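S.K.: next input, structure requested:
(2 chains)
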Amino acid sequence: MSWLGLLSQLMAIVMALLLAPLMTGWVNQWRARLQNKSAPSLLQPYLVLHKLFNKESVLAEHASPLFRAAPYIVFGCMLLACAIIPTLSTDLPLSPAADAIALVGLFALARVFISLAAMDVGTAFGTMGARREMLVGFLAEPALLMVLFCASMVSRSTSLTTIVETLAHREFTIYPSFLVTGVAFTMVSLAENARVPVDNPETHLELTMIHESMILEYSGRHLALLEWAASLKLLAYSCIGLALFFPWGIAEANAPLALLLALPVLLAKLAVGGFLLALIETLSAKMRVFRVPEFLGSAFLLAVIGLLVNILLGVS
Amino acid sequence: MNSLIHPAAWVHLDWVLVVVLAWLVIGVVGVFALRRFRFVATVLFPVSALFSLLLMALALSAAGSAAEVAVLPIGLPQLPFHLRLDSLSSFFLLVIGGVSAGVSAFAAGYFRQGEGTPPGLICLEYHIFLASMTMVLVADDAYAFMVVWETMALSSFFLVISNHRIPEIRNAGFIYMLVAHVGALGILLCFGVLQANTGDYTFANMRAQHLSPLWASIAFVLAVFGFGAKAGILPVHVWLPEAHPAASSPVSALMSGVMLKIALYGLLRVSFDLLQTRIWWWGALLLAIGLATALFGVVFSTVQVEMKRLLAYSSIENIGLMCSGIGLSLLFSAYGMKTLSALALTAALYHVISHAFFKSLLFCSTGAVMHATGERSLGKLGGLMRYVPWVAWPTLIGVLACAGLPPLSGFVGEWLLLQSFLFTTGLPSSFLNMLVPVLAALFALVAALSGYTMVKYFGVIFLGQPREEKLSQAHDAGMWERIGMVWLAAACVLLGLIPNQVIGLIDPVTQLLVSAGLAHSVSANGWLLVPVSIERASYAPAIFLLGVLACFAVAYMLVRQFYHGRTRRVPPWDCGYPWQTARMQDSAEGFGQPIRQIFEFLFRMKRELPSALDAQPRYRVTVEDPLWYWLYLPVARLVERISKLIGLLQQGRIAVYLMYSFVTLIVVLMVVKR
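M.R.: Next comes the predicted model:
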């Protein structure tokens, strides 16, 4: 573990914390623009977080300690996820602690806690949201795992840093399987981040909502943490996507100059990614909840097809 | 047996026999105190738990030491019991000891009230059950093995029907008994094949035989069938969801946590130790059966509405996962890839030990909930976290472990298994290479679905608002129940956090069975779990947990520091809807509904929908196992028809029977003369 590694690890964490709300703001702004609405400020998510942290937390009278702990756990999981995904540099001391499979496990842990918390108060909306979240999860999770497997087959490793090093630095080949898994990954990340064809981050009081109905009972600092965690999750998924499909520009170990260059490259890539997300959300319509399993099922199948393509072409 | 007079010279095996003997003595004492609840519960069961701890300590110290052999002069003349304690046995002894320590402590609190059978008798059956499971692990000839195997089946049968006044329970016991015996027949035939006409039924002799591929395959298939019937693999799983709800909770905990693993022990013993050859399709077969079982089990468990039935199907799922690990290991082993074979086997064994602990914890929790509320149907529970926190929190740990979430024990096994799936692309057969990613995808699907099931289990029972009035009077678990559950929960956490040490315990087993192990690559990396090489994959649960906790703590402190910690308690908001009742929460049926819809083809469903004009509309849906109708009922009808044909011979007149004997005698004489 080098000092530079420690530095890049710390940078990754701080950058994730600071950048996540900005990313959400960026996507919101572009979506509003594309839909001919007047766009909110880029800094709106920070103001919302500040406002929520200042408010007192209103809890349901029989909410258990689990309900109060869940926002912190979810936040912690998402932050750790951002810390182990190589965004700026592949020299991350925390990275060996959790590989791609553990990353999927980390998302699952957060999902289970937020679902349990949603069931805790015992309202109709909360339990419904929990059930739907688990429904999305049980299909999205294996699909994400298969996408990651496809990349690990190429690099012969499930370690995220090794995957990125292989894809970005060692050889420059275009893998046909990545075209298929790229589509699958996009579908999964739309579902996992409660984006439009599957869920709508802007709805309230609708029977179709998933994520929002789970956090209905939260307020004040707990809600702020959950909102922050949601934007961290969006950032994490974007970074996974960038690391797997557009890994160029991520610094290797012991390369301070590349590390300096990595930040603007990452920002540019995220900006393009955020714009595309807003575009997808604008162009597509929200689907019925019962269509979601089909949507995610096809993502899952696509990811498996990607794996098979890998084997057929003898990639590993 | 070095010398019975000098305890100092005793080896592990002697001490194991001492534990077995002690359990039998405790059981017999229980019979003398047939109806003295307090004595049986608060003295006998805790003492038995102490002996479980002794067994666990023995298993720990015996791990890695050389095999010990003994001959017990009991049983028929010329047929003494051959005993042997090797690494495989001691690993499973560890499972028995560790789990039964927790379960016996729990039982000390649980059996206070007693069920249909007097507690003294339950105590006897329970300890015979424990003792026979232990003896199965050290048996070293087919004769001893079958005797203790049947003792295990019989004692657990009596435990299952302990509440025998209820017809459904007697029925469940009957199905259990039937499947157990059909399975035992398979095992017996398997041993018959393995001894290869030598007439010597010791395992040592079987190891020395080199069977032809055909006979070896027959023996393997018989073993899969026989031991699979006990473990609950498809399609001989039907007894599990019947027997588990029928038995009392500590017994279900032992059956699901330990007895199913004993069946896997048998499978491992035959396929890796007694059989000298390994053929690739054995592994493929077991892998396919295992994954089919796992998918079937998890899909069925999500739609169950009764707690113990849900857990029983979840056990079927987990057994399937373990079988797929064993199958993968056989596959690698058949192609001579020793390290990978050891990796898959380690994954399966890791899952064996972690499932043993978390599933017995969950079964204990159902017992505690039933004690507290008298309810076993998920639809009538809810909101128990407020009233029984000592049950809820350990259960939460069990639930997280069962859902395979990091950093608890369930995740390590699944992680290792996924790693071994990823390595499969190196196999020489391209067909298998194509197949394995599909199987890995199926595995990932099963693992994710088990999270769904567990959220349903915990959420419906412990979270939300109580669905019945009386639940608010629920009383928390007693001292012994707490001790038992906390012990099991602590094991779930510990097994998740120190994978390297656990793999160190599994290493002698894989060395014995596939002559390779992971210990050298694991021990070189301190806190990191590195199965093959650090570039390839690594996982550090302790750092993982520390990371999440540190983020948790820092977030908590920063929020308090920069803002405030004010909270206000009000009625739930629910989008401002004021007439909220507990019945508006998702029911257990409702929570399973999406799965019912997606996997409709797996179920046999009956729906009764009310018409629009019904004054009292009732909606009913029943979900049944289609295998009953496709497989079991046709077989049952066939058996009935055959027995009716045979029944034609039975005239009920003695003259006719005498004539049968006469004709038989004549025919036999003709044959013999020739």
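
S.K.: what residues sit buried inside the least confident helix or strand in chain B by mean pLDDT?
M.R.: Lowest mean confidence among the helices and strands of chain B (mean pLDDT, DSSP states H and E): helix B:519-523, at a mean of 73. Residues B:519, B:521-522 are the ones in helix B:519-523 that count as buried (16 or more other CB atoms under 10 Å in any protein chain shown). Glycine gets a C-beta too; all of them are placed from N, C-alpha and C.

S.K.: and the contacts of it?
M.R.: Applying CB atoms under 8 Å, 6 or more residues apart in numbering or on different chains, the contact partners of helix B:519-523 are B:499-500, B:503-504, B:507, B:529-533.

S.K.: residue contacts, whatever residue of the stretch 151-300 of chain A ends up closest to chain B?
M.R.: Here the residue of the stretch 151-300 of chain A nearest chain B is A:Thr158; by CB to the nearest CB that distance is 4.3 Å. Contact analysis of A:Thr158 by CB under 8 Å, 6+ apart lists A:99-101, A:148-149, A:152, B:419, B:422, B:536-537.

S.K.: A:Leu92 now?
M.R.: Contacts of A:Leu92 by CB under 8 Å, 6+ apart are A:5, A:8-9, A:12, A:83-84, A:86, A:161.

S.K.: who wins on neighbours among those?
M.R.: A:Pro86 (28 neighbours; other CB atoms under 10 Å in any protein chain shown).

S.K.: which one is that residue nearest to, not counting chain neighbours?
M.R.: Distance criterion CB to CB, 6 or more residues apart in numbering or on different chains; nearest residue to A:Pro86, sequence neighbours excluded, is A:Val164 at 4.6 Å.

S.K.: count the neighbours of the one you found for me.
M.R.: Neighbours of A:Val164 under the rule other CB under 10 Å: 25.

S.K.: same deal with B:Ala184?
M.R.: 18.

S.K.: what about it, distance to chain A?
M.R.: In this view, B:Ala184 and chain A are 37 Å apart by CB to the nearest CB, to the nearest Å.

S.K.: likewise for B:Gly379?
M.R.: Counting by CB to the nearest CB, the gap from B:Gly379 to chain A is 13 Å.

S.K.: pretty sure that residue contacts B:Met307?
M.R.: No. B:Gly379 is beyond contact range of B:Met307, at 10.5 Å (criterion: CB atoms under 8 Å).

S.K.: looking at the two, which is more packed in?
M.R.: Between B:Gly379 and B:Met307, counted using other CB under 10 Å, the more crowded position is B:Met307 (26 against 16).

S.K.: contacts only, for that one.
M.R.: B:366, B:369, B:376-378, B:381, B:457, B:461.

S.K.: what's the answer for A:Gly126, then?
M.R.: By CB under 8 Å, 6+ apart, the residues touching A:Gly126 are A:118-120, A:213-214, A:216-217, B:574.

S.K.: residues in contact with residue 89?
M.R.: Answering for chain A, as no chain was given. Contacts of A:Ser89 by CB under 8 Å, 6+ apart are A:5, A:8, A:11-12, A:250-253, A:255, A:258-259, A:262.

S.K.: please go with chain B instead
M.R.: With CB under 8 Å, 6+ apart, B:Ser89 has these contacts: B:137-138, B:265.

S.K.: ok, and it, which helix or strand is that part of?
M.R.: According to DSSP states H and E, B:Ser89 maps onto helix B:87-110.

S.K.: next SSE after that helix?
M.R.: Next along from helix B:87-110, by DSSP H and E: helix B:119-138.

S.K.: off-centre distance for the following helix or strand past that following helix?
M.R.: Using DSSP H and E, the next helix or strand after helix B:119-138 towards the C-terminus is helix B:142-160. Its chain's C-alpha centre and that of helix B:142-160 lie 16 Å apart, by CA atoms, centre = their mean, to the nearest Å.

S.K.: take the contacts of A:Leu92 and keep only those in helices.
M.R.: A:5, A:8-9, A:12, A:83-84, A:161 (DSSP state H).

S.K.: just for the stretch 551-674 of chain B, where's the confidence low?
M.R.: In the predicted model, the stretch 551-674 of chain B carries pLDDT under 70 at residues B:673-674.

S.K.: which of the helices or strands spans the closest residue to chain A within it?
M.R.: The minimum distance from the stretch 551-674 of chain B to chain A, using CB to the nearest CB, falls at B:Cys551 (3.3 Å). Using DSSP H and E, B:Cys551 sits within helix B:541-562.

S.K.: any buried residues in that helix, and which?
M.R.: By neighbour count with 16+ other CB under 10 Å, helix B:541-562 contains the buried residues B:541-545, B:547-548, B:551-552, B:555-556, B:559.

S.K.: could you point out which element follows that helix?
M.R.: strand B:567-570.
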